[in-house]
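Trainee: Next come a sequence and a model predicted from it.
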Amino acid sequence: MKTAKRLSDLKVMSVDLLQEELLKLKKEQFNLRFQRATGQLENTSRVTEVRKDIARIKTLQRSKTASVSA
């Protein structure tokens, strides 16, 4: 996810789109961890950004499923 994509962009996504975005971010997180372990990671701040984006998406998924259930 680019830094230009804000929380408002995520809020309008459906649960399925959020799941796809989450999968993409988890793959990126894996690749970043692999790069860090091999010493090839140049942008170390991207690891933190991806972690926070994953947390944002999980929070939105949780709130959307809770609002549907209630």
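Mentor: Arrived safely, thanks for sending.

Trainee: From residue 61, how far out is the residue at the greatest distance from the centre of the chain?
Mentor: The centre of the chain is farthest from one residue, residue 70, which by C-alpha atoms, centre = their mean lies 25.5 Å away. Residue 70 sits 15 Å away from residue 61, going by C-beta to C-beta, to the nearest Å. (Glycine included, C-beta is placed from N, CA and C.)

Trainee: how near is the residue farthest from the centre of the chain to residue 63?
Mentor: Distance from residue 70 to residue 63, by C-beta to C-beta: 11 Å.

Trainee: Give me the nearest residue to the residue nearest the centre of the chain, chain neighbours excluded.
Mentor: With distances taken as C-alpha atoms, centre = their mean, residue 54 lies nearest the centre of the chain, 3.0 Å away. Excluding its sequence neighbours, the residue lying closest to residue 54 (C-beta to C-beta, 6 or more residues apart in numbering) is residue 25, at 5.1 Å.
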